[in-house]
Every structure is written in C-alpha cells, then in structure tokens.
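Q: Give me a 3D structure for the following:
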Amino acid sequence: MGAVADGFPAPLAVGNWLHQPARHRPDHAAIVTAERTIDYATLDAWSDRLARVLVGRGLEPGDRVATLSENSVEQVVLLFACARAGLILTPLNWHLSPDELAVQLVLFEPALTLVAASRWSEQAGGVVAPWQPEPLEDYVSDAYPAAEVTLPAPDDDAGLLLIATSGTTGIPKGALLTNRNCYWTNASLQAAVPLSADDVVLALLPQYHVGGWNIQTLLAWSLGATVVLERSFDPGRVLDLIERHRVTTLMGVPTMYVLVAEHPRFAEADLSSLRFVLVGGAAMPSSARDRWSERGVAVAVGYGLTEAGPNTLVLPPGETPPWPGAVGRPYPYVEVALRDPTDDRVLSGPGTGEILVRGPNVFAGYWRDPAATRAVVVGGWLRTGDVGERDARGIYRISGRTKEMFVSGGENVFPAEVERVLSEHPAIADAAVIGVPDPVWGEVGVAYVVAHQGAVVDVGELQAHCRAHLAHYKVPRRIVLTAELPRSPVGKVDKRHLPRDGDAT
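A: Residues are numbered from 1 along each chain as shown. Below you'll find the model as predicted:
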C-alpha cells in the first residue's frame with residue numbers, strides 16, 4: 001500500500017474509505033440533499049453493488065465512466081464504485097455546449113457515459129459524438145443486477161478522476177488523478193485544516209471540478225462526517241442551510257463569500273455553528289474577509305490547481321494575512337518552490353518567480369498527451385504557470401499568471417497585483433485587469449471593476465488609489481465600471497470575454 005500519513009485514517013485506495021464509517025456509524029448521515037438523506041451503511045452498500053454492476057457489464061480497470069450531472073448522490077455512489085472497480089470517473093461540465101461536450105467525449109473515449117435525468121433533454125440529445133448515453137439513476141437503482149464477480153485488487157497508482165482542464169487556451173486536456181494523489185491531497189488537508197466525524201460540511205463546488213471532491217467532501221466521507229450536497233449556489237439558501245443543518249465548515253470561491261456577505265440576511269443569520277470557512281480559486285478581497293470575520297467566522301485561505309490535486313498552499317483559519325493577498329505556506333507533504341523566470345534557478349529565501357510544486361499529490365499527467373505533461377512536469381517539479389512572491393517567513397502570495405503578464409514600457413506587469421490593490425479600495429467588490437496594445441508603451445492596463453452594492457465609484461479617485469500603492473507603469477490607463485465580470489462555471493473570472501477596447505461590459 002505504500003507509506004501513509006500520520007493522523008489520516010484512510011488507506012490509500014479511495015474505494016476502501018467508506019468501510020470504517022459504515023462499520024462504526026452505519027446510521028449516521030453521509031449525504032444530505034434537498035430530497036433525501038443517505039446514511040453510511042447505504043452509501044457503502046450502494047457503492048459496492050454498483051462496482052459489481054459495472055464489472056459485470058464488461059468494464060475493465062482503466063476504463064473511463066463519463067457523467068453529465070449536477071452534484072448528486074448518484075455521482076458520489078459512482079465515484080466510490082469506480083474506485084472499487086479500478087475505473088476512472090470522468091465528470092463532464094454540464095455548462096458546456098453540445099459541441100464542447102463532443103470534443104471531450106472524443107478525447108476521453110469513455111466506455112460508459114451516464115447522464116442524469118435533469119440533463120438528458122437539455123444537452124444529451126444535441127451531442128454529436130460516438131456515444132450511447134444511459135440514465136445515471138438506473139445504475140444506482142436496482143435496474144441492473146449486481147454480478148457475482150471478484151473486484152480487482154486496490155491499486156494505489158490507478159487513475160481515479162479525470163478532470164477536464166483547459167486553462168486560458170480553451171483547448172481541453174484531461175488531468176488524471178490517481179488514488180495516491182487523492183489520498184495525499186486529503187491527508188495534507190486533514191493535517192492543515194482538519195475535520196472530524198462530527199463536522200457538517202456544506203458542499204457547493206461542482207463535482208466536475210477537482211474541488212468538488214478533494215476539498216473537504218472526500219475527506220469528510222473518509223472520517224464519517226456529514227456532507228450537505230447542493231446542486232447549485234444561491235446566497236440566501238447558503239444561509240438557510242447553515243442554520244438548518246448547523247453547518248460547521250464549507251469551501252467556496254471568493255465570489256461566493258462576497259455574494260453571501262451582501263445578502264440582506266447576512267447580518268442577522270445564525271452563523272454560530274461555523275468553525276471556519278475555506279476560500280480558494282482566486283484572491284479573497286480583504287473587505288469580504290473582514291465581513292465574515294466580523295460575524296465571528298474564521299477564514300482559511302488557500303491556493304491550488306487541478307494538476308496538484310489541488311491543495312498546495314494554505315493560511316489556516318483565523319491566522320491574519322501578514323500581507324495583502326497572502327495564501328499561506330505549503331500544505332504538509334507538499335513541496336513548493338519558486339523558479340527564477342530569467343535563468344530557471346530555484347530561488348531560496350524571499351523572491352518572486354513561477355510557483356513549482358512537488359509531492360505525491362501531483363497528478364499522473366495529461367490524458368494521452370505526454371508532450372503536454374513533459375511541458376509542465378520538469379525535473380520532478382510541476383510548473384504551475386502562476387507567479388508567486390515569498391517573504392522571509394516562507395509565506396506566499398500570488399502575483400498572477402505567466403501568460404497574463406504584459407509588458408508596459410519595458411516593465412513586467414502582473415494583473416493579479418493590480419487587481420489586489422483595486423479590491424482593497426472600500427468601494428470595489430471585484431476587479432479584473434488585462435493588458436491591451438498601446439502605440440507608445442507597447443501595452444497598458446485596462447481595469448474592469450465591480451462596485452459594492454450602494455457604493456459610488458469615482459474613477460479618478462481609484463486611479464489615485466492605485467498610484468499610491470503601485471509603480472506608475474502598473475496603474476491602469478483606463479478603469480471601466482461594470483455590473484459584473486464574466487466568469488467560468490466555478491466562479492473564476494474569464495478574461496477571454498473582457499472587451500479589449502475598454503468598453504463597459
């Protein structure tokens with residue numbers, strides 16, 4: 001089985017993670033949805049039965065099982081069934097168009113594609129691809145008999161999750177995470193921001209995203225905790241669920257926390273059950289963090305990426321960020337370094353460079369794309385493409401993406417740094433900065449900003465605010481007030497859809 005982490009009870013093979021909770025607290029709620037509650041004995045039994053159904057229908061270790069579904073009990077059962085049968089769960093993004101789905105189906109070549117009833121009429125019929133979708137719910141019900149088969153022996157290095165990721169290129173790739181990757185990223189999470197069997201986790205991130213599995217939910221199920229599983233995000237409903245189920249922790253992207261904090265009920269809602277909340281995916285505006293802290297909620301900040309499982313850096317709950325935008329130190333069992341962009345040296349001490357990650361959490365590679373894998377895994381280090389700064393205490397913050405950097409008058413500008421300064425202004429809820437061509441400077445920055453509800457924004461004052469905190473070449477040439485920023489389905493700003501001419505969106 002290989003080495004295991006101190007204090008993390010599960011064996012490496014994820015298929016075994018339900019056995020202990022099912023044995024020791026069979027009647028305890030494992031999953032709570034709006035429609036039903038599933039206990040650990042049921043979840044364990046359903047997963048075992050479905051694994052035998054899949055093997056009995058001819059699926060073999062390494063085969064992909066693709067799904068098109070919102071967050072659901074069925075998809076959780078399927079994940080554990082795949083883990084026990086040596087199969088690779090490939091959850092597809094249900095926000096994609098039929099053409100985009102077809103591209104991924106051709107790339108991943110699933111042996112079986114299961115579609116939830118809620119997605120069947122809306123998307124499945126329009127996909128032109130060599131596939132024969134079947135109803136997801138039928139497989140978890142008794143529609144197919146479980147075969148009398150022997151399940152394959154657990155393999156720590158077998159693929160378990162194939163997550164589509166395209167970054168800023170728009171070209172899909174599949175990041176393959178193994179049982180070992182999932183074990184170690186959850187072991188590191190437990191060592192840094194631990195859960196217990198008594199926790200109630202509110203799961204908001206979509207299950208086609210690595211965060212929908214490896215940030216709190218899989219960890220909760222390995223420990224026997226309860227997961228309140230939501231199909232979609234609604235700020236008012238988040239407050240209702242926290243109160244109704246006495247939620248103790250949740251994970252979300254900054255936009256979620258901003259929207260919940262701006263809900264009319266936020267100031268009076270009972271948040272006393274929350275031990276902490278975890279934020280990642282982008283920089284958390286200090287104003288939003290302050291609003292949650294003022295309600296007595298400790299905030300943990302993190303940084304990660306799909307290819308790292310995703311957990312990489314963390315600032316534990318309640319620890320005050322030592323500088324704006326800080327995302328903490330490396331998780332236990334994770335190594336992080338900085339690469340000098342000019343000569344590829346690994347930097348020591350304080351510095352700025354591309355973030356490198358190494359450890360058993362780092363993915364097995366891109367699906368059937370060894371060239372792309374070699375481009376990002378160099379000398380044992382995963383090259384993230386993110387630029388970070390590290391201070392003398394070993395605490396990191398993110399400066400931006402190497403591909404988003406632009407050059408103004410011969411000077412490098414990283415948009416994340418400018419966005420951070422803009423978001424520190426009390427009137428600004430969110431900001432996005434891009435570089436656009438300029439005949440004199442080569443490129444200059446254009447900032448798109450979203451104001452807090454009821455706030456009055458003075459563009460001249462914002463530029464003065466930037467000049468007070470940034471070098472002159474980093475100050476945006478134009479600042480555009482907009483009602484909202486274009487976002488990906490998981491809440492990250494999608495800069496590809498920002499106008500390059502600086503017009504309001």
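
Q: Spell out the residue ranges of the strands in the stretch 1-150 of the chain.
A: Using DSSP state E, counting those that start in this stretch, the strands of the stretch 1-150 of the chain run over 29-32, 37-39, 64-68, 88-92, 112-115, 134-135.

Q: what sits up against the longest helix anywhere in the chain?
A: In the chain, with assignment by DSSP state H, the single longest helix is helix 40-56. Applying CB atoms under 8 Å, 6 or more residues apart in numbering, the contact partners of helix 40-56 are 15, 18-19, 21-22, 25-28, 30-31, 38, 65, 76-78, 80-82, 84-85, 87, 112, 139-140, 144-149, 151-152, 221, 224. In this view, the C-beta of every residue, glycine as well, is placed from N, C-alpha and C.

Q: Quick one: find the helix or strand in the protein with the lowest mean pLDDT.
A: Within the chain, confidence by mean pLDDT, DSSP states H and E is lowest for strand 411-413 among all helices and strands, at a mean of 75.

Q: what comes up buried for that strand?
A: residue 413 (16 or more other CB atoms under 10 Å).

Q: So in that sheet, which strands flank it, and in what orientation?
A: Take DSSP bridges as the rule and strand 411-413 pairs in its sheet with strand 406-408 (antiparallel).

Q: Show me the residue at the heart of this protein, geometrically.
A: residue 211 (3.4 Å; CA atoms, centre = their mean).

Q: Report pLDDT for it.
A: Residue 211 is assigned a pLDDT of 94 by the prediction.

Q: Kindly provide the distance from it to residue 187.
A: Residue 211 sits at a distance of 17 Å from residue 187 (criterion: CB to CB, to the nearest Å).

Q: The stretch 51-200 of the chain: helices as residue ranges?
A: Secondary structure of the stretch 51-200 of the chain (DSSP state H, counting those that start in this stretch): helices located at 73-85, 98-108, 117-120, 136-140, 179-192.

Q: Now tabulate these in CSV and tack on mean neighbour count and mean pLDDT.
A: Output for the helices of the stretch 51-200 of the chain, formatted as CSV (neighbours: other CB atoms under 10 Å; pLDDT from 0 to 100):
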stretch, mean neighbour count, mean pLDDT
helix 73-85, 25, 98
helix 98-108, 18, 87
helix 117-120, 15, 84
helix 136-140, 20, 93
helix 179-192, 26, 97
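
Q: so which of these gets nearest residue 477?
A: helix 98-108 (34.3 Å; CB to CB).

Q: and that closest one with strand 88-92, angle?
A: Angle of helix 98-108 versus strand 88-92, following axes from the mean of the first three to the mean of the last three CA atoms, to 10 degrees, is 160 degrees.

Q: Output helix 98-108 as CSV - backbone C-alpha positions only.
A: Extracted C-alpha coordinates of helix 98-108, given in CSV (Å, rounded to 0.1, in the frame of the first residue of the first chain):
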residue,chain,number,x,y,z
PRO,A,98,-23.1,20.0,-27.1
ASP,A,99,-20.2,20.8,-29.4
GLU,A,100,-17.8,21.3,-26.4
LEU,A,101,-19.0,18.1,-24.8
ALA,A,102,-18.5,16.2,-28.1
VAL,A,103,-14.8,17.3,-28.1
GLN,A,104,-14.2,15.9,-24.6
LEU,A,105,-16.0,12.7,-25.3
VAL,A,106,-13.8,12.0,-28.4
LEU,A,107,-10.7,12.8,-26.3
PHE,A,108,-11.6,10.7,-23.2
